[in-house]
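**Student:** Generate a structure from the sequence data that follows.
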Amino acid sequence: MAIQILTDSAADLPQAVTDEYGVDVASLHVYCNDEEYLDGKTLQSLQMLEQMRQGNVFKTSQVDPASFLERFEQYAKQGDSCLYIGFSSGLSATYQSAILAKTEIQQTYPEFELHTIDTQCASLGEGLVVYMAAKLAKEGKTLPELVDAVEFYANHMQHIFTVDDLEYLLRGGRVSRASAFVGGILNIKPVLTVVEGKLVPLEKVRGRNKVFRRMVELMGERGSDLAEQTIAISHGDDLEGAHKLMTMIKETHGCSDFIINPIGCAIGAHAGPGTLAVFFLDEKL
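**Tutor:** Below you'll find the predicted structure:
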């Protein structure tokens, strides 16, 4: 009996990683001008971000319960167990869709072993949790061991990110206008984090170079044994900025193992072009 790891497209993992470890990915839905797309399948994020620069507005919705149910039924028929590692329930109803499908599948297949975990993480914060779990699964860890590890990683995952234009987050209802930082005019860049699964403004920094330095400083303040970790960086079609941030992290914290990937459509529709984010653990297992 195999253990199938399932996640969703908000995890923003590179295709090469999901392919290598056999991770199944359920796509969130993306909408623009009455057209419906599947994140990462019928619409790629770099294509979407370019359209956003041209003024197009994209909206997203959760993975539907039917998509989860189809996958769960497939795993159950194969005699596999499943660990779903999900997008924060504070940012999407995707996790609730998985729970609805779980309830239904276990009525038909009561012996099907299925665990669902709300990571309260987003983008490559969620993706790093999935990646580390997939590595452990490949090493032969049992399902209970994987569940314990995922819960630990999710509870200790740090998110530090900045957006080029906070208006995208405001438009999508991901931050309130009352708590948002005023930016553009003074070239003020917000630094945000995730607390209990929700986006929280952390600081405001004037100028792009200073916000990079502050993100690296915050890693030192919040991280633990950074040089021994895999550090993840996601970006909104800004590979140059991602590489610059990586170089600064290497020089400051001695890190050498990185995953860099564009934000997917599910995240990019709300964060917008120019987003940069770094993810790491504040404690090692």
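
**Student:** burial count for residue 197?
**Tutor:** A count of nearby residues for residue 197, using other CB atoms under 10 Å, gives 18. Glycine gets a C-beta too; all of them are placed from N, C-alpha and C.

**Student:** all helices in the stretch 151-285 of the chain, in order from the N-terminus.
**Tutor:** 167-171, 208-222, 239-253, 265-271 (DSSP state H, counting those that start in this stretch).

**Student:** would a markdown table of those helices with mean neighbour count, distance to residue 190 and mean pLDDT be doable?
**Tutor:** As requested, those are exported to a markdown table (neighbours: other CB atoms under 10 Å; distance: least, CB to CB, whole Å; pLDDT from 0 to 100):
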| stretch | mean neighbour count | distance to residue 190 | mean pLDDT |
| --- | --- | --- | --- |
| helix 167-171 | 17 | 9 | 72 |
| helix 208-222 | 16 | 8 | 96 |
| helix 239-253 | 16 | 15 | 98 |
| helix 265-271 | 29 | 11 | 94 |
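
**Student:** Name the stretch from those helices that approaches residue 159 most closely.
**Tutor:** helix 208-222 (9.9 Å; CB to CB).

**Student:** Which strands and helices lie in contact with that closest one?
**Tutor:** Counting contacts by 3 or more CB pairs under 8 Å, 6 or more residues apart in numbering; DSSP states H and E, helix 208-222 is packed against strand 157-162, strand 188-195, strand 198-206, helix 239-253, strand 276-281.

**Student:** could I get those as TSV with distance to residue 135?
**Tutor:** Rendered in TSV, the data for those read as follows (distance: least, CB to CB, whole Å):
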stretch	distance to residue 135
strand 157-162	15
strand 188-195	23
strand 198-206	28
helix 239-253	21
strand 276-281	14
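
**Student:** Now for the spatially most central residue of the chain: which residues touch it?
**Tutor:** The geometric centre of the chain, computed from its C-alpha atoms, lies nearest to residue 123 (CA atoms, centre = their mean), at 1.7 Å. Under the criterion of CB atoms under 8 Å, 6 or more residues apart in numbering, the contact list for residue 123 reads 10, 11, 12, 159, 161, 234, 263, 264, 267, 277, 279.

**Student:** who wins for neighbours among those residues?
**Tutor:** residue 10 (34 neighbours).

**Student:** which SS state does that one fall under?
**Tutor:** Using DSSP: H, G, I helix; E, B strand; the rest coil, the secondary structure recorded for residue 10 is helix.

**Student:** Having no further points to raise, I will conclude here.
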